[in-house]
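Student: For reference, the sequence and a predicted model appear below.
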Amino acid sequence: MTDLSNHFRPKKLDDFIGQSHIIGKNKALYKLLEKKEIPHLFFYGKPGTGKTTLAKIIANHIDSDYYYFNATSIKIDDLRKVFIKYKNTLIKPIIFIDEVHRLSINQQEVLLPIMENYTAIIIGASTLNPFFSLSDAIRSRAFIYEFLAFNKDELTSLLNKVLENKKFSISDDAKAYLIQSSGGDARALLNLLHFASKVSTNINYEILKDLRPNMMGEGASSSQTHYDLASAMIKSLRGSDIDASLYYLARLINAQESIEFITRRLVIFASEDIGNANPNALNLAHSTMQTSIKIGYPESKIILAQCVVYLASSPKSNSSYKAINKALKEIQDGKILTIPKHLLNSNLGYKYPHDYNGWVKQEYLNQNLNIYENSNIGFEKTLNEWLTKIKSKDK
């Protein structure tokens, strides 16, 4: 930590900048914190977004003891020592665990009774979503929140606060570069500003550029979150625009978006928007997910690009997507049809299609629903031809 980041770390909830989607004054978590009703919490998001800071603010707010652990080096005995220390007291210490997604099953089992009995408040933080690494029992006793990168206005507010209390000046173009190059990371902004001020009390663009030649990432703003970039990529894929799809993929990679986040959306797209118009798209997307995660950056960018080009070039159909939604709507609207007797487990009266050269006419629904509509695009046209030939055998 630098002097600036320590000096300007907020101590009170009202001084905390950012994450208004979580702790805005009209949000439920803010109201709980105000009342000093603190649940177990897990925060995840990019570095420098205030996860540790908020945990310390909570500890100060309830006037409790604060213990820091890192899941990469945490020892169960050290945890137990803290728990024993407060066993017969009214104090609920804050146990802050960094890199919480790395907690082992054994470590989680040690936390479970503490969380259940509420003898300590567990707050975890991670740069990765810990949802899938935490057990069901842990998740059911806590709330998980995503911390977003600071937007331009929030970083500007932080910078102005620093400038009001420091004896150095900064040019307008240096301010712009400082905010833009920090990638939504408040700690990175303060770190660069701190060392730039050691070079000169009159900070200009050249000093900042010398210290940080490259952008740290894209950060976020109202129009530039990773969800917006992912949405733009998916819409470009749907529109079969290869250049746009690759551009938004590159933006996601440059912003250091996780491979898991990108590939999950590619797999979903392959089924939702291509489907049986090109069934191999789902196979390729799934293979891309497995291979890219195993290999990692930077080489995975090539695999991701290959997949994106293939998906953009594939014929598009959302027939299966529309069909399952229609089927679910029928059920949710109360259409619970009786299963024909010959389809029950007893098999009484059931005609085995293989005994009839592959197909035989019989009732599978006691009411015609017309759920699926074949788009006749790409391989779906072939499937339709197959189906027509299969059913023509009875004639």
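Tutor: Yep, it's here.

Student: Any buried residues in the helix or strand containing residue 83, and which?
Tutor: Using DSSP states H and E, residue 83 maps to helix 76-85. For helix 76-85, a neighbour-count test (16 or more other C-beta atoms under 10 Å) marks 79, 82, 83 as buried. From N, CA and C alone the C-beta is placed, and that goes for glycine too.

Student: Which single one of those residues is nearest to residue 126?
Tutor: residue 79 (17.5 Å; C-beta to C-beta).

Student: dump the residue contacts of that closest one.
Tutor: Applying C-beta atoms under 8 Å, 6 or more residues apart in numbering, we find residue 79 in contact with 69, 95, 107, 110, 111.

Student: Now with 10 Å, please.
Tutor: By C-beta atoms under 10 Å, 6 or more residues apart in numbering, the residues touching residue 79 are 67, 69, 95, 97, 107, 110, 111, 114, 120.

Student: Repeat that for residue 53.
Tutor: Residue 53 neighbours (C-beta under 10 Å, 6+ apart): 5, 9, 10, 11, 15, 16, 17, 18, 19, 186, 187.

Student: wait, which of those is closest to residue 277?
Tutor: For the contacts of residue 53, the nearest to residue 277 is residue 19 (41.7 Å; C-beta to C-beta).

Student: can you pull out the helices in the stretch 1-150 of the chain?
Tutor: 3-7, 20-23, 28-34, 51-61, 76-85, 105-117, 136-139 (DSSP state H, counting those that start in this stretch).

Student: What residues sit buried inside the third one?
Tutor: Think helix 28-34. Buried residues in helix 28-34 (16+ other C-beta under 10 Å): 29, 30, 33.

Student: can you check the first one too?
Tutor: With burial defined by 16+ other C-beta under 10 Å, the residues of helix 3-7 counted as buried are 4, 5.

Student: Mind putting the contacts of residue 53 into a markdown table with pLDDT and distance to residue 380?
Tutor: Converted to a markdown table, the contacts of residue 53 look like this (pLDDT from 0 to 100; distance: C-beta to C-beta, whole Å):
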| residue | pLDDT | distance to residue 380 |
| --- | --- | --- |
| 5 | 71 | 56 |
| 9 | 81 | 58 |
| 10 | 84 | 56 |
| 11 | 86 | 61 |
| 15 | 87 | 58 |
| 16 | 92 | 53 |
| 17 | 90 | 51 |
| 18 | 91 | 47 |
| 19 | 94 | 45 |
| 186 | 91 | 50 |
| 187 | 90 | 51 |
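
Student: circling back: closest to residue 260 among the contacts of residue 79?
Tutor: residue 97 (21.5 Å).

Student: Across the sheet, point out what pairs with that closest one.
Tutor: residue 69, residue 124 (DSSP bridges).

Student: That one reaches residue 66, doesn't it?
Tutor: No: counting by C-beta atoms under 10 Å, residue 97 stays clear of residue 66, with 11.9 Å between them.

Student: And these two? Which one has more around it.
Tutor: Shown here are residue 97 and residue 66; by other C-beta atoms under 10 Å, residue 97 has more neighbours (24 against 15).

Student: OK, contacts around that one?
Tutor: 42, 55, 67-71, 74, 79, 103, 107, 111, 122-126, 130.

Student: ok, now residue 121?
Tutor: Contact analysis of residue 121 by C-beta under 10 Å, 6+ apart lists 38-41, 55, 58-59, 62, 64, 66, 92-96, 114-115.

Student: Strands of the stretch 251-395 of the chain, residue ranges please.
Tutor: Assigned by DSSP state E, counting those that start in this stretch, the stretch 251-395 of the chain shows no strands.

Student: which intervals of it have sub-threshold pLDDT?
Tutor: For the stretch 251-395 of the chain, the stretches with pLDDT under 70 are 393-395.

Student: could you redo the last one with a cut-off of 80?
Tutor: The model of the stretch 251-395 of the chain has pLDDT under 80 over residues 255-256, 393-395.

Student: returning to what we had before: nearest to residue 290, of the helices of the stretch 1-150 of the chain?
Tutor: Comparing the helices of the stretch 1-150 of the chain by C-beta to C-beta, helix 105-117 comes nearest, at 23.4 Å.

Student: In that closest one, which residues are buried?
Tutor: For helix 105-117, the neighbour count (16+ other C-beta under 10 Å) marks 107, 108, 110, 111, 114, 115 as buried.

Student: How about the third one, nearest residue that isn't a chain neighbour?
Tutor: Yep, that's residue 110 we're talking about. If the residues on either side of it in the chain are set aside, residue 110 comes closest to residue 76, at 5.3 Å by C-beta to C-beta, 6 or more residues apart in numbering.

Student: Residue 104 is in contact with that neighbour, correct?
Tutor: Yes: at 9.1 Å, residue 76 counts as touching residue 104 under the criterion of C-beta under 10 Å.

Student: Perfect, that will be all.
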